[in-house]
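>>> With the sequence up front, the predicted model follows.
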Amino acid sequence: MEDLRATSVADDPVQRRDLILLERARDGDLDAFNDLVVVYQDMLYALVVRMVPDRDQASDAVQEAFFNAYRNLDAFRGGSVKSWLSRIAINAAMDTQRYRKRRPADPYPELDDEAWQPPADASADPVTTSLMAERHRALNAALARITDDQRAAIVLYDVEGYDYAEIADITGVSVGTVKSRIHRGRLALRGLLVDRMDLFRG
Amino acid sequence: MADQLELPEFGGAPEPDEADGNHEPDELAVPAAGQTDPALGAAARHALHDEELVAAYAAGALEAEDPEDVARARSLVERCSVCHDLHADLLAIASAHRATAAMVLAASRDYRLSEDDAERLRPGVALVRAAPEAAAAEAAAVQPAAAAPAGAAALPGDAVAPRRPAGPSLVERIRAIFWPLTQSLGGSLVAAGLVGIVIASASLAAVPVGTPSSPAFGTQEGGNPAPTGDVALVTDDRSSGFGVGPATPDVRVVAIGVSGGAVLLGLVLLVRSRRRARESL
């Protein structure tokens, strides 16, 4: 078995911990894998919910992502466990989107919940926190109303920080198509948010 | 679109030059009633502008591409108030979106895997687990009950029972995997064979072998058969109008034979699979 820690370029303690857990999981330690699940389930759920705004479908996609990760532990070739899990979750979300395309369903439900939480370090300033939460709610509501392809491209670009080529690779379309989806998606978002733009300006 | 480079500054909303009649295309779009309304005039001029170009410019996606596009986009943003606002809004939305990336959402369930999940998902486990189970069932069925006679029951089992390997052999595993398919394969063969027999028989009944209109022959005027190109099917007695018989069997006869074989093979598979199913009970 290859030593995953040797393949890591960063000496980040978080990455080192992840790699140790992953190595132990590869050796059959289910608790080690479940430790990884606990560490990353909220992050992956938040990512998938952005792409698949239906909470139940998103939840199923995350579950499927962890199943796939466990099934393919041997396919991990080093690097960031977080990125590896994110890619698997994104693929699961894309599968969900494809499934929705094949079987046109109801539009995504409008969600106006308070479940989203700001990062801990931003909680010091209540005004900023409140503004951020309000923006987030408005953005999420608008995101749920644009096309799946546009939403996926925008989330991967803006939230996950992938570049155009990486998104093209993940989504299986050309770079030009990715750009077009992002630009049109943003235009659509702006159209949906036009009455609330004061929230974002300044 | 070169005209877009000539747009007036949006700060002072341009009015159409009615005196000299020298209207730019954008200016022609301004409705007469809105000539005094700068916002309406700007909106009308903006109607012809490429918003996607502005969006691409806002995303910084044009830098590596056509410099002409960059110049056009910059010109639109600098000279058209609506494009300028659009550009600013798109930047604000993208920025807000990036800022909210840090927002977290508690997972709605606990995604930890149970032991059962892990067992089910372990790579290759479906195949490996299914095979020994099926093979074990098979072994239990095949092992003769007589191998452990009443008198031998008191003896240690391994002293009297036929020695078997600790686990199922490779052949047993493969058989165990594919055996469940035999029943459906047998059924399919029987069904397909029967259909083949019916169709070929019907065809034969309609047009017996060797008749002039048989598919093996074309017909000439006067009813004489003419070879269709397949020389092997043409008899030596063509002048009589009827062939003595084809040199190779009629395809329908062959079909009946093959179908009959399929039915027989299917029946054998069905009988064996049923017997095996009974034994494994």
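Thanks, I have the structure now.

>>> what's the average pLDDT for stretch B:199-208?
Taken as a whole, stretch B:199-208 has a mean pLDDT of 81.

>>> quick one: is the helix or strand that contains A:Phe67 near chain B?
Element membership of A:Phe67 [criterion: DSSP states H and E] is helix A:55-71. Yes - for helix A:55-71, a contact with chain B is found by Cβ under 8 Å from any Cβ of the partner chain, at A:Arg55, A:Ser59, A:Val62, A:Gln63, A:Phe66, A:Phe67, A:Tyr70, A:Arg71. No exception for glycine: its C-beta is placed from N, CA and C like everyone else's.

>>> so can I have JSON lines of those showing pLDDT?
Output for the residues of helix A:55-71 next to chain B, formatted as JSON lines (pLDDT from 0 to 100):
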{"residue": "A:Arg55", "pLDDT": "87"}
{"residue": "A:Ser59", "pLDDT": "93"}
{"residue": "A:Val62", "pLDDT": "95"}
{"residue": "A:Gln63", "pLDDT": "95"}
{"residue": "A:Phe66", "pLDDT": "96"}
{"residue": "A:Phe67", "pLDDT": "95"}
{"residue": "A:Tyr70", "pLDDT": "95"}
{"residue": "A:Arg71", "pLDDT": "93"}
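
>>> So B:Glu115 sits against A:Leu30, correct?
Yes - the criterion here is Cβ atoms under 8 Å, and B:Glu115 meets it with A:Leu30 at 6.7 Å.

>>> okay, those two: which has more neighbours?
Ranked by neighbour count (other Cβ atoms under 10 Å in any protein chain shown), B:Glu115 and A:Leu30 place A:Leu30 first, with 18 against 8.

>>> I figured the more buried one hits B:Ala118, correct?
Yes - in this structure, A:Leu30 is within contact of B:Ala118 by Cβ under 8 Å, at 4.8 Å.

>>> which non-adjacent residue is nearest the residue positioned nearest the centre of chain A?
Compute the mean C-alpha point of chain A, and by Cα atoms, centre = their mean the closest residue is A:Leu47, 2.3 Å away. Leaving aside its chain neighbours, A:Leu47 sits nearest to A:Ala89 (5.8 Å; criterion: Cβ to Cβ, 6 or more residues apart in numbering or on different chains).

>>> just B:Cys83 next, same as before
Counting by Cβ to Cβ, 6+ apart, the residue nearest B:Cys83 is B:Leu76, at 4.2 Å.

>>> Quick check: pLDDT value at the one you found.
89.

>>> before we move on, what about A:Leu187?
pLDDT recorded at A:Leu187 is 94.

>>> That one in helix, strand or coil?
With DSSP: H, G, I helix; E, B strand; the rest coil as the basis, A:Leu187 sits in helix.

>>> That one and chain B, how far apart?
With the distance defined as Cβ to the nearest Cβ, to the nearest Å, A:Leu187 ends up 5 Å from chain B.

>>> can you count the residues close to the nearest residue to that residue once chain neighbours are set aside?
Distance criterion Cβ to Cβ, 6+ apart; nearest residue to A:Leu187, sequence neighbours excluded, is B:Ala55 at 5.2 Å. Here the count is done by other Cβ under 10 Å, and B:Ala55 has 26 residues near it.

>>> for the one 3 residues further on, same thing?
Counted with other Cβ under 10 Å, the burial measure for B:Ala58 works out to 24 neighbours.

>>> same check, this time on B:Ala71
Based on other Cβ under 10 Å, the number of other residues close to B:Ala71 is 13.

>>> I'd like to check which residues are in contact with A:Ser86.
Shown in contact with A:Ser86 (Cβ atoms under 8 Å, 6 or more residues apart in numbering or on different chains): A:Met43, A:Leu44, A:Leu47, A:Glu160.

>>> for the last one, what are its contacts?
Spelled out, that is A:Glu160. A:Leu47, A:Ser86, A:Ile90, B:Ala101.

>>> Pick out the most distant pair among those.
The distance between the two most remote of those (Cβ to Cβ) is 14.2 Å, for A:Ile90 and B:Ala101.

>>> In terms of neighbours, single out the busier of these two.
The neighbour comparison of A:Ile90 against B:Ala101 (other Cβ under 10 Å) goes to A:Ile90, with 24 against 17.

>>> just so I have it, where are all the strands in chain A?
A:116-117 (DSSP state E).

>>> Which residue ranges make up each domain of it?
Annotated domains of chain A cover A:1-108, A:118-202 [automatic domain parsing].

>>> buried stuff in stretch A:22-34?
Taking 16 or more other Cβ atoms under 10 Å in any protein chain shown as the basis for neighbour counts, the residues of stretch A:22-34 that come out buried are A:Leu22, A:Glu23, A:Arg24, A:Ala25, A:Arg26, A:Leu30, A:Ala32, A:Phe33, A:Asn34.
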